[in-house]
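# Build me a structure from this.
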Amino acid sequence: MNLALLRPAPVTKHPGYSKIWLTLLFFAILAPAHLHAEEKQAEGYDTSQQPWAIVMTNKGTFVIQLFEDKVPRTVRHFVGLATGDKATVDPKTKKKTNRAFYDGLQIFKIVPTYLLKMGCPKNRGTHGSGYQIKDEF
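The predicted structure follows:
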């Protein structure tokens, strides 16, 4: 997969869409990641300036740059979920757990050259980590 193909969806006003939904979509696009913050290089990408998420799938691996200087709260939340440092709520048991949230989750929707959705524990885009964060845009 070519990272140039991962473009953000245009923001339009539709009934039922909110800033929270757009934030959840942001997380869906970025998961399931294995972050290697301790490494300065990830497959030839300079990670010394911004953190990168390394996404490993059965179809290959790709990386996503996380813009901590632009959306620090969102990046901290994502990194905490990816590493297990932030507790999540299991959608089945409703109990908190400190597992790496995105590990083992599937890509549940692909629109070629436009969109990739992943990060839902039920693989439908209907559930998240159990948290909402304040918008940064």
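# Alpha carbons of stretch 84-91, in PDB - could you do that?
The C-alpha coordinates for stretch 84-91 follow below in PDB (Å, rounded to 0.1, in the frame of the first residue of the first chain):
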ATOM      1  CA  GLY A  84      -1.700  -0.300  26.300                       C
ATOM      2  CA  ASP A  85      -0.700   2.600  28.600                       C
ATOM      3  CA  LYS A  86      -4.300   3.800  28.400                       C
ATOM      4  CA  ALA A  87      -7.000   1.500  29.600                       C
ATOM      5  CA  THR A  88      -9.800   0.600  27.200                       C
ATOM      6  CA  VAL A  89     -13.300  -0.700  27.700                       C
ATOM      7  CA  ASP A  90     -13.900  -4.200  26.300                       C
ATOM      8  CA  PRO A  91     -17.200  -3.900  24.200                       C
END
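# What residues sit buried inside that stretch?
Using 16 or more other Cβ atoms under 10 Å as the test for burial, stretch 84-91 gives 86, 87, 88, 89. Where C-beta positions appear, they are placed from N, C-alpha and C, glycine not excepted.
# got the contact list for it?
Contacts to stretch 84-91, defined as Cβ atoms under 8 Å, 6 or more residues apart in numbering, come from residues 77, 79-81, 95-101, 121-122, 127, 129-131.
# Now go through those and say which are in strands.
The strands, defined by DSSP state E, take in 96, 97 from the contacts of stretch 84-91.
# mean confidence for stretch 130-137?
Taken as a whole, stretch 130-137 has a mean pLDDT of 78.
# buried ones in it?
Under the neighbour-count criterion of 16+ other Cβ under 10 Å, stretch 130-137 has 130, 133 buried.
# Start and end of it, how far apart?
Stretch 130-137 has its terminal residues 21 Å apart, counting by Cα to Cα, to the nearest Å.
# From here on, call the first residue 14.
With the count now opening at 14, the last piece we talked about shows up as stretch 143-150.
# Which residues belonging to stretch 64-75 are considered buried?
Buried-residue list, stretch 64-75, by 16+ other Cβ under 10 Å: 64, 65, 66, 67, 68, 75.
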